[in-house]
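Asks: I'd like to go over a predicted model; first the sequence, then the structure.
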Amino acid sequence: MGSINNFQALMKSSGGFARLARYEIVLHAPAGVSAEYSKDVSLLCDSISMPGHDLQTSTAKFGTAVATEMVTGHGYEGTIESTFYLDRSLNLKDYFDNWQELAISTEDNTVQYYKGPDGTFNYVGSMDIYQISSIPITETTYDYPQSEIEGSRYKDAPVDRFGHELPITKTQKHTHETIRTYGIHVEEVYPSTIGAIEYAYATSNELARLTVGFQYRKWKAID
């Protein structure tokens, strides 16, 4: 029974569990891709994976001693897999197609340099991924009636002509405020794979989605 109480106390003190449906992404596309439309792309994100971090090890064995796995490096493995809702004009697909076109021309197959002569990136951007939650808030407003005596020192005060307090109307509105509880900043991001769109008459009630795999270099937690 004590462990259950401790578990409940832990969840209460930490604000509850993180929910997989509460997330937010912010895309920072490179120059040459519509920065304004990046805001819409973030809203159309249906699912995304927050990348992990791996420690690379090597086995060390001395004589007859038990082997030890020692850390020799670290890495950020895999790609960031995501899906996006498609608008009817497929502007979102065009957005990612243009981003890929910055890396390699599909007309003459020329590859762009990763960095330009001035050190700026040619086709990579960045991405922020947030875990979001909400906190309950109460908005309280007070309605103070004016005094009946014009020009007296009680004007705009909640009292009548005899100095008696007038009733104060108190209104409370209970709502929730969305907050970011954790976030990572992903560096040197670009869409390495854009998935196919599967059409079928049997899916007349389904929304079209686009699968995008992002390549990246590393990530760091946002303070």
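Replies: On my side now, so go ahead.
Asks: for the strand or helix carrying residue 96, packing partners?
Replies: If you go by DSSP states H and E, residue 96 is part of helix 91-103. Contacts defined by 3 or more C-beta pairs under 8 Å, 6 or more residues apart in numbering; DSSP states H and E place helix 91-103 against helix 35-43, strand 169-194, strand 209-215. C-beta coordinates here come from the backbone N, C-alpha and C atoms, glycine included.
Asks: quick one, what contacts residue 41?
Replies: 27, 84, 92, 95 (C-beta atoms under 8 Å, 6 or more residues apart in numbering).
Asks: before we move on, back to that, can you list the residues that contact the helix holding residue 96?
Replies: In contact with helix 91-103 (C-beta under 8 Å, 6+ apart) are residues 29-30, 32-34, 37, 40-41, 44, 84-86, 111-112, 122-123, 125, 190-191, 194, 197, 210, 212.
Asks: partner residues bridging the closest residue to residue 48 other than its chain neighbours?
Replies: Closest residue in space to residue 48, ignoring its immediate chain neighbours: residue 82 at 4.1 Å, by C-beta to C-beta, 6 or more residues apart in numbering. Beta bridges link residue 82 to residue 48, residue 212, judged by DSSP bridges.
Asks: gap between residue 82 and residue 213?
Replies: Distance, residue 82 to residue 213, using C-beta to C-beta, to the nearest Å: 8 Å.
Asks: who's more crowded, these two?
Replies: Legend: neighbour count by other C-beta atoms under 10 Å for residue 82 and residue 213, higher for residue 82 (20 against 15).
Asks: ok now do that one, which residues does it touch?
Replies: 25, 45-49, 211-214.
Asks: wait, what's in contact with the residue positioned nearest the centre of the chain?
Replies: Geometric centre of the chain, nearest residue: residue 24, 2.5 Å, by C-alpha atoms, centre = their mean. Contacts for residue 24 (C-beta under 8 Å, 6+ apart) come out as 42, 129-130, 132, 180.
Asks: Give the bridge partners for it, please.
Replies: Bridge pairing for residue 24 - DSSP bridges - gives residue 130.
Asks: For it, report the pLDDT, please.
Replies: Here, the pLDDT recorded for residue 24 equals 95.
Asks: quick revisit: buried subset of the contacts of residue 82?
Replies: Among the contacts of residue 82, those classed as buried by 16 or more other C-beta atoms under 10 Å are 25, 45, 48, 212, 214.
Asks: any chance of these in TSV, plus distance to residue 106?
Replies: As requested, the buried ones among the contacts of residue 82 are exported to TSV (distance: C-beta to C-beta, whole Å):
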residue	distance to residue 106
25	27
45	25
48	26
212	17
214	19
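Asks: roughly how far is stretch 94-114 from the heart of the chain?
Replies: 26 Å (C-alpha atoms, centre = their mean, to the nearest Å).
Asks: how long is that stretch from one end to the other?
Replies: Using C-alpha to C-alpha, to the nearest Å, one end of stretch 94-114 lies 22 Å from the other.
Asks: what's the answer for stretch 215-222, then?
Replies: Start-to-end, stretch 215-222 (C-alpha to C-alpha) is 20 Å.
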